Every structure is written in structure tokens, then in C-alpha cells.
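Asks: quick one: sequence and predicted model below, then my questions.
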Amino acid sequence: MSTVEHRAAALKALIASEHRRVTSYDVATLAGVSQSAVSRCFKPGASVSKTTYELVMKVAALLDYIPNAAARSLITRRSNMVALIITNQANLYYPELLAEVSQQINARGKRVLLFTLQRESQVDHVLADVWQYQVDGVIAAAQLSPVHIAEFERRGMPLVLFNRTMRDQIVNTVTCDHLEAGRLLASRLAAAGHRQFGIIGGGRDSSVATERQRGACERLAELGLPPPVVVPGQYDYRSGAAGLKAVIAQLGTVPDAVICGSDVMAIGCLDCARHELGLDVPGQLSVAGFDAVEPSNWASYNLTTLRQPVPRMAAAAADLLCERIDSHDPGTEKRVFSVEFIDGATARLTPAGATPPRVATGLPRPVAIM
């Protein structure tokens, strides 16, 4: 046993007899370095020599030292925690979205504290908890009001809206162009000869659903097509099936195409059309969704949908928030991403009677999350 190991064993015995935890001071004393050097060794990206780092890590292992995050936050006045506010309406894509954002934040030396909402309109109930935890910043995948934004500004709390926008507020934002996404989907379907549309919207308190619906309706009006029949949905499987029945009831016939506010609703609509109503999809009815969630790629669905670049969006959100935290920069920035059209098997995308283009098969389709 080396001299350092002998001294470490004696120090551990002394600490145990005093019924206390090992501190950075103990590590520094045994390693013969300063406490600040020990702190730098446990801070990602901090400047420290290889020799000092290896010595401190060896002594820390011998003493079973674990850095005290709470004590460090008192010194640095930072918790190194970032709050993520997200709604449970994210459904099937919720775990993937959470994993992407968490991975990006963790890579920047911080940790994610999760706050979930049943509905976006319930954000008031979690903000009080967010303030109590004194996080360094917030990524909100939920709609905030101007009053909420003003409170973030008053507290000097960095904020990034994820996949949400505010027209009349200056706020850091990372999002897809949902208005243009709705227009894109309507354009592709109309170009294939669809004339009568139904739209199954998302939750009424979802800005994403509202923008997608508005984009589709605006584009159909520009093309001189009949106004679509719009029925409400809740981003879930059941409202997809119920929405299709409601559209048919209002029209008195089966529409040419139904645009659903999410893939989960599109799958519910698709199953209802095929198995309950006996419709040929896409022969009699085209069905399209949004988000390219994992089940939309399954062979039994192969859904026509739009994909968002969620990994790139998560990285942009983490970068933007950490820049604001580290630089204390009150400036704002909006980063907007485009969607990718996924040509599935549930929508007719060529005019009736036309020969469809050859499409490569056997290739994996990309998967995305809202």
C-alpha cells in the first residue's frame, strides 16, 4: 500500500469517527492542491492540468468523495439545473423528446429537472415550483402567456420556447414553421386532385395545432377549394376515429382527404376508415398526419406525414439556453426549422389516372417527434 493510500485510509477512519461526509477540503488536503483545483477537476470543460486531474481523481476515489452539487451551487450561485416544461399531450413522442433534450443539456454540464402538464393551459400550476428550485434556465415545450414571459424577464431567468411561438412577444424560440407545414401538406394533397377536405385539429390550447390548421385552411382557400370541414381532436387515438365520423356526418359523404393534427390521431382515423367503415385507403380516402412518430413507420400504417428534425432542434435549444445562462445576454433569437415530407402509403399523391412515380422500397424511413 502506497503512502497516499495509507494516509487516505487514516483520513477516512477519522472522518467516519466524526460522523461527517468527505469534503473537497479533505481531498485538497490529501492531494496537496487547493480546493478550487478540486472543484475544477469536477467541472466539465474547466482548465486543469492532466497531472493535477489524475491526482485529484485518485484521491477522490480513495476517499469515496462525491461532489456536493448543492454546496457548489451556493458558491457559484448556479444550480446547474435546467427546467424542462412539457405537456403530456405529446403522447407517443414524449419519451423521445425528453431524451433528446436531456442528452443535449447533460452534454453541456447541466441536468434537466422535469415538469409535466396535462394540458398547456395548466402551466400556471408548475411555474411556482420552477421558481422554488432556482434553476438556471427553462426550456418550455408549452405555450406561455405574455404575463408568464414578463415574469421570466422580471426574474432575469433565461427562457427558450421549444416548438412554440409567440407573435407579439420577443422571446428566444426554437421551432418548426408549423404554418408552412400545414400549407405544404394541403398543397401536396390538392395537387393530386383532392378537392373536399376534412381536418381533425389538435387541442384548442395547442398553438402548434392551431398554426398547422390555419396553414392548411389558408392554402386550400388560395387554391379556390371548398372550405374544409374542421372538427376538434385531442391528439389521441380515439379522437382520430371520432373525428373521421364527425367529418363524414357533417359532409354527408366521405371526403377526399383528411388531415390530422398528429400521427396518433391519423392512425385512429386510418383504423376507423379501414376496419370500421370499410373504406379503401388511399383509394377512397387519403389520410395524412404530422410528426412521423415511430408507429407511423410500421408496415401496417406506413403513414403519409411530416417529419420534424427534433435532434437538431433539441441541440439548438440547449445551445441557445446555455449561451444565455453563461453570458447573461438578454438578447433574443428565433431559430426556425423546416419539416420534411414523408411520402407514405395512406395518401394518393398523384392525380387520378396518372401513373405514380417509382418509389424505392425497403429503405428505412426517418422517425421524428414533436
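Replies: Yep, it's here.
Asks: so Leu306 makes contact with Ala181?
Replies: Yes - if you go by C-beta atoms under 8 Å, Leu306 and Ala181 touch, sitting 5.4 Å apart. For every residue, glycine as well, the C-beta is placed using N, CA and C.
Asks: list the residues that contact both of those two?
Replies: Contact with both Leu306 and Ala181 is made by residues Phe290, Val339, according to C-beta atoms under 8 Å, 6 or more residues apart in numbering.
Asks: any idea what Trp131 is structurally, helix, strand or coil?
Replies: Judged by DSSP: H, G, I helix; E, B strand; the rest coil, the three-state class of Trp131 is helix.
Asks: could you find the closest non-adjacent residue to it?
Replies: Arg155 (7.2 Å; C-beta to C-beta, 6 or more residues apart in numbering).
Asks: distance of the one you found from Tyr235?
Replies: Counting by C-beta to C-beta, to the nearest Å, the separation of Arg155 from Tyr235 is 31 Å.
Asks: compare the two (neighbour count), which wins?
Replies: Neighbour tally, Arg155 and Tyr235, criterion other C-beta atoms under 10 Å: the higher count belongs to Tyr235, 28 against 12.
Asks: can you pull out the strands in this protein?
Replies: 81-87, 111-117, 137-141, 159-162, 172-176, 197-200, 229-231, 257-260, 286-288, 305-307, 334-337, 340-342 (DSSP state E).
Asks: among these, which is the most enclosed?
Replies: strand 257-260 (a mean of 31; mean count of other C-beta atoms under 10 Å).
Asks: list the helices and strands that one packs on?
Replies: Applying 3 or more C-beta pairs under 8 Å, 6 or more residues apart in numbering; DSSP states H and E, one finds that strand 257-260 contacts helix 178-191, strand 197-200, helix 237-251, helix 263-271, strand 286-288.
Asks: for the strands of the chain, which one sits closest to Thr29?
Replies: Ranking the strands of the chain by their distance to Thr29 (criterion: C-beta to C-beta) puts strand 111-117 first, at 28.7 Å.
Asks: I'd like to know which elements that closest one is packed against.
Replies: strand 81-87, helix 94-106, helix 124-132.
Asks: rank those by mean pLDDT and give me the bottom one.
Replies: Ranked by mean pLDDT, those bottom out at helix 94-106, with a mean of 81.
Asks: alpha carbons only: can I get that one in CSV?
Replies: Coordinates of each C-alpha in helix 94-106 appear next as CSV, following Å, rounded to 0.1, in the frame of the first residue of the first chain:
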residue,chain,number,x,y,z
TYR,A,94,-42.9,12.3,-25.3
PRO,A,95,-40.1,9.9,-24.2
GLU,A,96,-38.0,10.6,-27.3
LEU,A,97,-38.4,14.4,-27.0
LEU,A,98,-37.4,14.2,-23.3
ALA,A,99,-34.4,12.0,-24.1
GLU,A,100,-33.1,14.3,-26.9
VAL,A,101,-33.4,17.5,-24.8
SER,A,102,-31.9,15.8,-21.7
GLN,A,103,-29.0,14.4,-23.7
GLN,A,104,-28.2,17.8,-25.1
ILE,A,105,-28.4,19.6,-21.7
ASN,A,106,-26.3,16.9,-20.0
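Asks: gap between that helix and the chain center?
Replies: 7 Å (C-alpha atoms, centre = their mean, to the nearest Å).
Asks: quick one: contacts of it?
Replies: 82, 84, 86, 88, 90, 111-112, 114, 139, 141, 162, 294, 310-311, 314-315, 317-318, 321-322, 369-370.
Asks: rerun that using 7 Å as the cut-off
Replies: 82, 84, 86, 88, 90, 112, 114, 139, 310-311, 314-315, 317-318, 369 (C-beta atoms under 7 Å, 6 or more residues apart in numbering).
Asks: that one vs strand 111-117, what angle?
Replies: 150 degrees (axes from the mean of the first three to the mean of the last three C-alpha atoms, to 10 degrees).
Asks: name the residues of helix 94-106 that are buried.
Replies: Tyr94, Glu96, Leu97, Leu98, Glu100, Val101, Ser102, Gln104, Ile105 (16 or more other C-beta atoms under 10 Å).
Asks: for stretch 298-318, same thing?
Replies: Quick answer for stretch 298-318 (16+ other C-beta under 10 Å): 301-311, 313-318.
Asks: average pLDDT for it?
Replies: 93.
Asks: quick one, what contacts the closest residue to Ala273 other than its chain neighbours?
Replies: Sequence neighbours aside, Leu279 is the residue nearest to Ala273 in space, at 4.3 Å (criterion: C-beta to C-beta, 6+ apart). By C-beta under 7 Å, 6+ apart, the residues touching Leu279 are Val254, Ala273, Leu285.
Asks: can you check Asp64 too?
Replies: Taking C-beta under 7 Å, 6+ apart as the contact definition, Asp64 lies against Val22.
Asks: look up the closest residue to Glu151, ignoring the ones flanking it.
Replies: Spatially, and ignoring its direct neighbours in sequence, Glu151 is nearest to Leu127 (7.4 Å; C-beta to C-beta, 6+ apart).
Asks: what's the local residue count around the one you found?
Replies: By other C-beta under 10 Å, neighbour count at Leu127 equals 18.
Asks: please report how far it lies from Ala8.
Replies: To Ala8, Leu127 is 46 Å away according to C-beta to C-beta.
Asks: which non-adjacent residue is nearest Leu159?
Replies: Phe152 (4.6 Å).
Asks: ok, Gln196 - contacts?
Replies: Per C-beta under 7 Å, 6+ apart, neighbours of Gln196: Pro226, Leu251, Pro255, Asp256.
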